[in-house]
Each structure stands twice: as structure tokens, then as C-alpha cells.
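Colleague: structure for the following, please:
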Amino acid sequence: MVPAFLRSLNATLSRKFPINSAGDPFATLVSHPYIHSIISLLTLPTTSRGRSTQTLAPLEHISIPETYLPYLTATHITPLQIIQALLPLLRTGPAFTQDHRLDKTIIVCLPALDVRVGLPFASVGSMSVAAMERGVEVLRRELEIAGAHGQGMQMMRNIKVVVVDVGNFDVGGSPVEEEGEMIRKAMGDWTASEQLCYGTAFTRTLRGPSPAWEMLVALFKGTERYGEPRKSTVVSVFVDNVVDVVGGCGRGIYRGSELGLGLSRIRNWVRGERFSVGTGG
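Modeller: Numbers count the residues shown, from 1 in each chain. Predicted coordinates for the structure are as follows:
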């Protein structure tokens, strides 16, 4: 799929927009499309609870060729291949982007929980995310060094790499299946020995802390509302944050003014190369 995507992208970049207008040999470079930002969403899980139940299992049970390698390919290798292919297009954009110092961005979205903690029974997601995080870190440092030295530093200086730790969002959809049914499906193909050794720990891990622990945490935080799940963040919050990073144009909280543009740029400078968004992020 990656070669087909790149061929389609190159064909699109060769067109003039709007495509129904007559050709103009003296058209300005602004009318030519170019790559301004790369946003990776392939690095995020696809289920409402952050991971698929098929990948929740002891490391002893995980099939490396049948379970881990396909997940690693989808969430780590494929995004890196696309970023590799688009980097030349990103750094060789129109000259006016360099003259006006328009920052180009590579934004990689990672699941906040897996990237911060190696949770038990979540080895598939945690290992893949850790590999992607380290790859992005290396890429950021390479671009920074290339932007400070060498003949092509002007092209590399305006490329910014940002990591977004993504929490939970309210995306609607069907209700989540019952907890017991989810656990039963996840343990369905375990061996009898694995169920005996890991079953109780797996069930307790998925069901979360005990009510006594939740009460202790609630008392420590000074609230009586314990045992209630946190409300998921609205998706528009994620979109506004990403738009601010891409353009620094004040389209998020500060919309449509010079003051908003300045505040948005200041906010991007303060949060730097990595920030969190979403519930639990």
C-alpha cells in the first residue's frame, strides 16, 4: 500500500489547483501544492478502549510472527516508511516557505498510557510504541544537527518534530462490551497452564484497583466522588491542538487575530517538542 500511496501523492502534487481552471504559465508558486506537515495517526490503536483484546495476553502467550509482527508493521514500520519517503518532499518545498521561515512539522501521535508505562499483559502495544518513540527521538536529533551544520541547514532548520501523547476521547460509537465477556474472549485461546498461572492476575488487572484503593485515592484528592470513570475529552480539543502545531495560526483557542497568532506561537514554544492531550494523557 505504501508505494501506491506515494504514486498517488506525487500525481496529486503535480497538479495545479483548482484543477478546473485554465492553465497559467505565469502562476505563482503559492498555487502549487507542497507538503507542509506530516501527521501520523497510524501509531494510535483503533479500538475505543485504547487496545484490542486480542493483544492483551501474557508475553509468554504472544505469538511473535502472528500477533506482534503484524501490529509492529502497522503501527511502527509503515509510519516510518511513509515519513522516510515524505522527508525529501518536506525539506525541498517552495522557496517562499524558507524566505518566510514557515515551520514544517512532523507530528507523531502515540497512545499516552503505553508510551509512559510498560503495563502487564500489554506487551504488544507497549513494545511497538516504545520503538516508535525512540525512532522519532533519533529523527528529531538528526534534523536538529543537520539544521545547525552543513550546506543544507537552511532546508532542515525549519522542520519541527513533535510527539503528542494522546489520552482518551469521546468518539461515540457502540457501547463497550461487558467486562466479563471481554476477559473471557481474551483468555479463550490460552492454555490451561497459562490460565492457571496468569488468569487471576489478568482479571484483576483489567478490572482495575479495588474500591478500597479508589476510596483512599479519593480521600487523598479531597473528593467524595470515587469509583466514577473520568469523562473522556471532546475530539475537537485534539484537533485544535494539532492545528495549532501545524500552522501556529491561532485557530484553536485563540481564533482569527494577530493577538491569537502570537499567543498560539507562545503556547507552541512553551510546550516544546512534546505535549499531552486527552483524558489520562
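
Colleague: from H61, how far out is T191?
Modeller: Using Cβ to Cβ, to the nearest Å, T191 is found at 8 Å from H61. For glycine as for every other residue, the C-beta is placed from the backbone atoms N, C-alpha and C.

Colleague: ok, the two, which is more surrounded?
Modeller: Between T191 and H61, counted using other Cβ atoms under 10 Å, the more crowded position is H61 (17 against 10).

Colleague: could you pull up the mean pLDDT of the helix or strand L9 falls within?
Modeller: In this assignment (DSSP states H and E), L9 forms part of helix 2-13. For helix 2-13, mean pLDDT is 86.

Colleague: summarise which helices and strands the helix or strand following it is packed against.
Modeller: Following helix 2-13 in sequence order, the next helix or strand is strand 37-40 (DSSP H and E). The contact analysis (3 or more Cβ pairs under 8 Å, 6 or more residues apart in numbering; DSSP states H and E) places strand 37-40 against helix 78-91, strand 104-111, helix 235-247.

Colleague: how about the helix holding L9: buried residues?
Modeller: Neighbour-count burial for helix 2-13, counted by 16 or more other Cβ atoms under 10 Å, picks out L9.

Colleague: check what contacts it and list those residues.
Modeller: Taking contacts as Cβ atoms under 8 Å, 6 or more residues apart in numbering, the residues outside helix 2-13 that touch it are P33, Y34, I35, T78, Q81, I82, A85, L86, L89.

Colleague: buried subset of those residues, written for PyMOL?
Modeller: To isolate the buried members of these in PyMOL, using 16+ other Cβ under 10 Å:
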select buried, resi 35+78+82+86
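
Colleague: avg pLDDT for the helix ranked longest in the chain?
Modeller: Counting by DSSP state H, the longest helix found in the chain is helix 123-148. The average pLDDT for helix 123-148 rounds to 91.

Colleague: packing partners of that helix?
Modeller: helix 69-72, helix 78-91, strand 104-111, helix 112-116, helix 153-157, strand 159-166.

Colleague: returning to what we had before: how far off helix 78-91 does the helix holding L9 point, in degrees?
Modeller: Inter-element angle recorded for helix 2-13 and helix 78-91: 30 degrees (by axes from the mean of the first three to the mean of the last three Cα atoms, to 10 degrees).

Colleague: sec struct for F169, please.
Modeller: Per DSSP: H, G, I helix; E, B strand; the rest coil, the local secondary structure of F169 is strand.

Colleague: list the contacts of it.
Modeller: S232, T233, V234, V235, V237, F238, G278, T279.

Colleague: what sits closest to the fourth one if chain neighbours are left out?
Modeller: Same thing as V235. Spatially, and ignoring its direct neighbours in sequence, V235 is nearest to F169 (4.9 Å; Cβ to Cβ, 6 or more residues apart in numbering).

Colleague: quick one: low-confidence ranges for the stretch 1-150 of the chain?
Modeller: For the stretch 1-150 of the chain, residues meeting the criterion pLDDT under 70 lie at 16-31, 47-54, 93-102, 150.
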